[in-house]
Each structure stands twice: as structure tokens, then as C-alpha cells.
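*Asks:* Here is my input; please provide its structure:
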Amino acid sequence: MILLKNISKTFGNQKILDNISLEISKGDFISIVGPSGAGKTTLINIIGTIENFDYGKNSEFKIDGIDICSLKENTISKFRNRNIGFVFQFHQLLPELNCEENILLPIRIGKKNIDDYKKKLESISKSLKIYEILNKKPDFISGGEKQRVSFARAMITNPKIILADEPTGNLDSINSRKIIELLKKVNIEYGVTVIYVTHNKEFASIARTSFTIKDGKCIKTR
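*Replies:* The predicted structure follows:
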């Protein structure tokens, strides 16, 4: 489903990712670990098509057989909106919008009919136990609820892939475990390919496959 071949990324004189090759199958549940500054977020952003890499003649990046490198920027944006959901360390909810409006934001950005997603919204919000707070704004809900709202936003477009960058980094241990379990639930129940970054070895071990990024290399460790 996701193919990265000979991918590098350089910032200034520092090579963050060094000739990485990675193949991820549909429905995989994957964790990525590594020290701070190793390039975990950079790799997630490249997979999510929101950051470019140092393109070389032997480089290759495909999702579902589609050559991402050959697409124009506006086509990549549409592809991203349809196929990839994001969960960040900080929920990135807009404070002026209520939870329902935040969840439906990708639908508006994609210029789709909101009414077509109302049933999906109800189903996801009930599953994530946030149905009762849909009319509240982010400032009036807990940290765990905010992260679940961000999950619903990531799921609303029926993405094939969810990328989670340190989704537990801003939460206590109880809510952190709940978030990892939500990732697992989404993977199992919806068949979504899930890739998440974590510093926590215990949480990393919950994934079926784990990769470690160190010294620019991405190594399969389990």
C-alpha cells in the first residue's frame, strides 16, 4: 500500500533521513520510535505528503500504486484529503468552532456535501464517546476529549491511512493508553492502516510491527 524507496531528507548540512526504504501493507498497525530529532516526524510528514524529500533518480514513493512524485501539488492535496487522516500531539482544534464543526472541517475543505457525512459523524462520535459534547467548543472539554475529537476529524473522510505523531505526548498515562487503544480499535474495526510515532516503548509494543529511526536509518525491530 505504501512504498518508500531510497528516501533521504537533509536540513542544512544534516541528513535526517538517509536512503530509507520502507514497505507498508494495507491494514498494518505500525509504531515508529527513536530519539528526539531522529526524523520520526519528518518521516510521518513525508508519508502524509505534507513534506517533500530530497528526490533522487532512484527514489520512489507510491501509495496504492500511485506515484506521488508525479502528481501536481493541487492533486496531492486532494489525494491527501481523501485518503489520509492526521492525529497530532496537540489536537490542533480551532477554538472558534465547536466539536462538530472541527470534525467536519476536512469535509468543508474538500468541498463535499456536509449532509452526506452526518450519519458518519454520529457513528464515529458515539463510538468515541464524544456525541454528547459535539456542540461544545474545545476550551470547554478535557484534554482526552479533545484528542478523541481530533480522532473523529481524522476518521470522518473514511481515510485509508491514519498517521499519528506523538498522539499521547500531551496526555497523562491513563488517557495516553486510551488513545493507543483507540488507534488499535480504528485499525481492527475499520481496516485502516495506522502508523504512529511514540517515545513510549510500552505503547510501541502494542503495534504489530515496530520501526526504530536512528542515525538516519529506519530499522524494523519487531
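
*Asks:* drop to CA atoms for contacts and neighbour counts, all remaining ones
*Replies:* Noted.

*Asks:* which secondary structure element contains the residue nearest the centre of the chain?
*Replies:* Computing the C-alpha centroid of the chain and ranking residues by CA atoms, centre = their mean puts residue 163 first, at 1.5 Å. Using DSSP states H and E, residue 163 falls within strand 161-165.

*Asks:* Repeat that for residue 148.
*Replies:* Counting by DSSP H and E, residue 148 is found in helix 143-155.

*Asks:* Just the C-alpha atoms of that helix, please, in PDB.
*Replies:* Provided in PDB are the C-alpha atoms of helix 143-155 (Å, rounded to 0.1, in the frame of the first residue of the first chain):
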ATOM      1  CA  GLY A 143      -7.600  17.000  27.100                       C
ATOM      2  CA  GLY A 144      -8.700  13.400  26.500                       C
ATOM      3  CA  GLU A 145     -11.900  14.600  24.800                       C
ATOM      4  CA  LYS A 146     -10.000  17.000  22.600                       C
ATOM      5  CA  GLN A 147      -7.800  14.200  21.400                       C
ATOM      6  CA  ARG A 148     -10.900  12.000  20.700                       C
ATOM      7  CA  VAL A 149     -12.400  14.800  18.700                       C
ATOM      8  CA  SER A 150      -9.200  15.000  16.700                       C
ATOM      9  CA  PHE A 151      -9.500  11.200  16.100                       C
ATOM     10  CA  ALA A 152     -13.100  11.800  14.800                       C
ATOM     11  CA  ARG A 153     -11.800  14.500  12.500                       C
ATOM     12  CA  ALA A 154      -9.100  12.100  11.100                       C
ATOM     13  CA  MET A 155     -11.800   9.400  10.500                       C
END
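
*Asks:* tilt between it and strand 161-165?
*Replies:* 150 degrees (axes from the mean of the first three to the mean of the last three CA atoms, to 10 degrees).

*Asks:* now for the longest helix that the chain contains, which elements pack on it?
*Replies:* Ordering each helix of the chain by length in residues (DSSP state H) puts helix 173-190 first. Secondary-structure packing of helix 173-190 (3 or more CA pairs under 8 Å, 6 or more residues apart in numbering; DSSP states H and E): helix 143-155, strand 193-197.

*Asks:* List just the one of these that sits closest to residue 137.
*Replies:* For residue 137, the closest of the helices and strands packed on helix 173-190 is helix 143-155, at 9.6 Å, according to CA to CA.

*Asks:* Please list the residues outside the helix or strand of the chain with the lowest mean pLDDT that contact it.
*Replies:* Within the chain, no helix or strand scores below helix 173-190, which has a mean of 84 by mean pLDDT, DSSP states H and E. Helix 173-190 has contacts (CA atoms under 8 Å, 6 or more residues apart in numbering) with 27-29, 144, 147-148, 167-169, 192-194, 203, 207.
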